[in-house]
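> Provided below are the primary sequence and the corresponding predicted coordinates.
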Number of protein chains: 2
Amino acid sequence: MSHDSFPYTHRYLKGRGREQLSTRECGLIEDLVQDVERYTAPHTILERGHILDRSTLLIEGFVARVIREEGKRHIVALHVPGDFVDLHAFALKRLDHDVVSIGPVQIGHVTHDRLEALMECEPHLARVLWYSTLLDAAIHREWILKLEQLSADGRLAHLIAELWHRLDFVGWADPSGFAFPLTQAELADACGTTPIHLNRVVRKLREQGIADISRGRVTVLDRAALRELGRFDPDYLYGNGVLEIRE
Amino acid sequence: MSHDSFPYTHRYLKGRGREQLSTRECGLIEDLVQDVERYTAPHTILERGHILDRSTLLIEGFVARVIREEGKRHIVALHVPGDFVDLHAFALKRLDHDVVSIGPVQIGHVTHDRLEALMECEPHLARVLWYSTLLDAAIHREWILKLEQLSADGRLAHLIAELWHRLDFVGWADPSGFAFPLTQAELADACGTTPIHLNRVVRKLREQGIADISRGRVTVLDRAALRELGRFDPDYLYGNGVLEIRE
DNA sequence: CCTGAAAACTAACATAGGTTAGCCCGACCG
DNA sequence: CGGTCGGGCTAACCTATGTTAGTTTTCAGG
């Protein structure tokens, strides 16, 4: 499945649903994107504390927001194609975390100068950009909930369900699952557990016929059980994705 | 310690630091606030899913953002005086969580109509409001980190250190601690643990001479040990509070 | 001053998950 | 074609935390 013919913003998740971008507005964002880069090896795209004068749009692949501490690495957010990864740096100026690529990625850059100019004459677009950072915050809250509420198996199930949903918004999911290059160690970093325990959980999901995670792909075998285990309710994504309609 | 003579926005944390509000801009927000209400008994101020046409400024006391599920209650965020509690509802229109009062509180309301009008002619102020929601997201990320990284004692230490810091920004902390009406059960809801285990942790902090939490007050006994235990580094608050200068 | 309810606190036991140690397998490489 | 390295996987053991079932303290209201 290749999306190379799509312009970048066709995958721009966050304007969907409640706040729809017009074709003209999509084009305006499209025009902002410069300096498209590709990375195949793991790469630290942005570093904590650096002062930034541009923001990053994820065009293809996955990136993680990570915080390293005493040799350990913690993933505090994951992004799918179409996400503005660090739009918050537009107002905060520096990041409180690193941004690293996972698997092969393609990213575009938008300078803050050009963004600022655009936002001044496009108030609706400015609102949608704000909206997009608020959606990040809503996803953060759901992660907090899942970490407070669920044990490791539920956390993993929730993560899979969320990503399946978000990828579906932007056309990168299929009815049986999705391509997913995270290692078990990285999944553990995102679920707040250890690789050893995460492996136990992966095996359990497989044995119970809920989902299979292997060879760079997630295959969902029992969607209802996955949702139940992860207590997943997509309300917090404020979207209207295709999967919802499909079922 | 009474702050009754201060106007509300003197406690408006989020404009501090990088993005300073002018006196005139403070006055503009001040003028927006209407319908000041007080609650002494526990009260659900806002309910999940409701469509909102106004946002809420916390003037005095504490409120929590909570998600209830199968009889359990999870706190995904806490607010201190000066915080806009649900500014995100301005763009998202509905909330993905409830907002409840903890202890006696005083809140003000700002209608979205008036906010919208103000933001159109005050782009800098609009930027500061955006900034304030981004700070919420940064705090969310830190909570995710703390939940992934720390065990229950560290989580509690982190929570105390963060709140001490945020309260200091707005003049509600003192050098030995702060007034704090959360019950142990509520602290447990915010730390992702059970009341029983939280009680063990409270006792441990007391026995080790780190902090004492009792009778509606937190007394910090060993600030360095508290920070160490909670791996607390206030960078993510993007502030320049007084405590930093004091030491 | 008494009373009832909420909060704080404790003990005893069960288990999820962390830790340490290591094996196995396929991919890439010289 | 053998070596090595990262990722997947497993076992044994131990601790932090959850669970169940209470007792004690605090404090507001009568």
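In hand now; what should we look at? Numbers count the residues shown, from 1 in each chain, chains lettered A, B, ... in the order given.
> alpha carbons only for contacts and neighbour counts from here, please
OK.
> Count the neighbours of the residue lying closest to A:R166 once chain neighbours are set aside for me.
Residue nearest to A:R166 in three dimensions, not counting chain neighbours: A:V80, with 7.2 Å by CA to CA, 6 or more residues apart in numbering or on different chains. Using other CA atoms under 10 Å in any protein chain shown, A:V80 has 23 other residues around it.
> Which phi and psi values does A:V80 adopt?
Main-chain torsions, A:V80, degrees, to the nearest 10: phi -110, psi 160.
> okay, it: pLDDT?
Turning to A:V80, the model gives it a pLDDT of 94.
> wait, what's in contact with it?
With contact set as CA atoms under 8 Å, 6 or more residues apart in numbering or on different chains, A:V80 has these partners: A:L58, A:E60, A:G61, A:F62, A:V63, A:L163, A:R166, A:L167.
> Give me the distance between the residue nearest to the third one when sequence neighbours are not counted and DNA strand C.
Pointing back at A:G61 there. Closest residue to A:G61 apart from its sequence neighbours, by CA to CA, 6+ apart: A:V105 at 4.4 Å. Noted for A:V105: a distance of 17 Å to DNA strand C, by CA to the nearest atom of the strand, to the nearest Å.
> try A:V80
To DNA strand C, A:V80 is 24 Å away according to CA to the nearest atom of the strand.
> On the secondary structure side, give me the element for the closest residue to A:A173 other than its chain neighbours.
Closest residue in space to A:A173, ignoring its immediate chain neighbours: A:L167 at 5.2 Å, by CA to CA, 6+ apart. Applying DSSP states H and E as the criterion places A:L167 in helix A:152-169.
> sorry, back to before: what number of neighbouring residues does the residue nearest to A:A173 come out with?
By the measure other CA under 10 Å, the count of residues near A:L167 is 23.
> What about contact with DNA strand D: does stretch A:211-219 have any residue there?
Yes. Using CA under 7 Å from any atom of the strand, stretch A:211-219 reaches DNA strand D at A:S214, A:R215.
> is that stretch up against DNA strand C anywhere?
No. Stretch A:211-219 does not reach DNA strand C (CA under 7 Å from any atom of the strand); its nearest approach is 9.4 Å.
> quick one: buried residues of that stretch?
A:A211, A:D212, A:I213, A:S214, A:V218, A:T219 (16 or more other CA atoms under 10 Å in any protein chain shown).
> do the same with stretch A:190-205
Using 16+ other CA under 10 Å as the test for burial, stretch A:190-205 gives A:A190, A:C191, A:G192, A:T193, A:T194, A:P195, A:L198, A:V201, A:V202, A:L205.
> Not counting its own residues, what contacts that stretch?
Defining contact as CA under 8 Å, 6+ apart, one finds that stretch A:190-205 is touched by A:74-77, A:147, A:152-153, A:155-156, A:159, A:184-185, A:187-189, A:211-213, B:147-149.
> thinking again about what came up before, and the helix holding A:L167, C-alpha only, in PDB?
Coordinates of each C-alpha in helix A:152-169 appear next as PDB, following Å, rounded to 0.1, in the frame of the first residue of the first chain:
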ATOM      1  CA  ALA A 152       0.100  -4.400  31.400                       C
ATOM      2  CA  ASP A 153      -2.100  -6.500  29.100                       C
ATOM      3  CA  GLY A 154      -4.800  -3.800  29.100                       C
ATOM      4  CA  ARG A 155      -2.300  -1.100  28.400                       C
ATOM      5  CA  LEU A 156      -1.000  -2.900  25.400                       C
ATOM      6  CA  ALA A 157      -4.500  -3.700  24.100                       C
ATOM      7  CA  HIS A 158      -5.400   0.000  24.500                       C
ATOM      8  CA  LEU A 159      -2.300   1.100  22.600                       C
ATOM      9  CA  ILE A 160      -3.000  -1.200  19.700                       C
ATOM     10  CA  ALA A 161      -6.700  -0.200  19.600                       C
ATOM     11  CA  GLU A 162      -5.800   3.500  19.700                       C
ATOM     12  CA  LEU A 163      -3.200   3.300  17.000                       C
ATOM     13  CA  TRP A 164      -5.400   1.200  14.800                       C
ATOM     14  CA  HIS A 165      -8.000   3.900  15.100                       C
ATOM     15  CA  ARG A 166      -5.700   6.800  14.500                       C
ATOM     16  CA  LEU A 167      -4.100   5.100  11.500                       C
ATOM     17  CA  ASP A 168      -7.500   4.400  10.100                       C
ATOM     18  CA  PHE A 169      -8.300   8.100  10.200                       C
END
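> Which positions in chain A make contact with DNA strand C?
A:L150, A:S151, A:A152, A:D153, A:G192, A:T193, A:T194, A:I196, A:H197.
> so can I have CSV of those showing pLDDT?
Shown next, in CSV, are the residues of chain A next to DNA strand C (pLDDT from 0 to 100):
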residue, pLDDT
A:L150, 96
A:S151, 95
A:A152, 96
A:D153, 95
A:G192, 96
A:T193, 96
A:T194, 95
A:I196, 95
A:H197, 96
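> now these in a markdown table, with distance to A:V128?
Putting the residues of chain A next to DNA strand C into a markdown table (distance: CA to CA, whole Å) gives the following:
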| residue | distance to A:V128 |
| --- | --- |
| A:L150 | 32 |
| A:S151 | 35 |
| A:A152 | 35 |
| A:D153 | 35 |
| A:G192 | 32 |
| A:T193 | 35 |
| A:T194 | 37 |
| A:I196 | 41 |
| A:H197 | 40 |
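> These also near DNA strand D: which ones?
Okay, of the residues of chain A next to DNA strand C touching DNA strand D (CA under 7 Å from any atom of the strand), that's A:I196.
> Out of the residues of chain A next to DNA strand C, which two sit at the greatest distance?
The most widely separated members of these are A:L150 and A:I196, with 17.9 Å between them, by CA to CA.
> Let me see the contact set for the residue most central in space within chain A.
Closest residue to the average C-alpha location of chain A: A:H79 at 2.0 Å, with CA atoms, centre = their mean. Contact partners of A:H79, counting by CA under 8 Å, 6+ apart, are A:L58, A:F62, A:V63, A:A64, A:V85.
> State the mean pLDDT of the longest strand belonging to chain A.
Ordering each strand of chain A by length in residues (DSSP state E) puts strand A:54-69 first. Strand A:54-69 shows an average pLDDT of 94 in the prediction.
> how big is the angle separating whichever helix or strand comes after that strand from strand A:54-69?
Counting by DSSP H and E, the element after strand A:54-69 in chain order, helix or strand, is strand A:72-79. Strand A:72-79 runs at 150 degrees relative to strand A:54-69, counting by axes from the mean of the first three to the mean of the last three CA atoms, to 10 degrees.
> Let me know the next secondary structure element after strand A:72-79.
Strand A:72-79 is succeeded, C-terminally, by helix A:89-92 (DSSP H and E).
> CA atoms of that following helix as CSV?
Provided in CSV are the C-alpha atoms of helix A:89-92 (Å, rounded to 0.1, in the frame of the first residue of the first chain):
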residue,chain,number,x,y,z
ALA,A,89,7.1,24.4,20.1
PHE,A,90,5.6,27.2,18.1
ALA,A,91,4.4,28.7,21.4
LEU,A,92,6.6,27.0,23.9
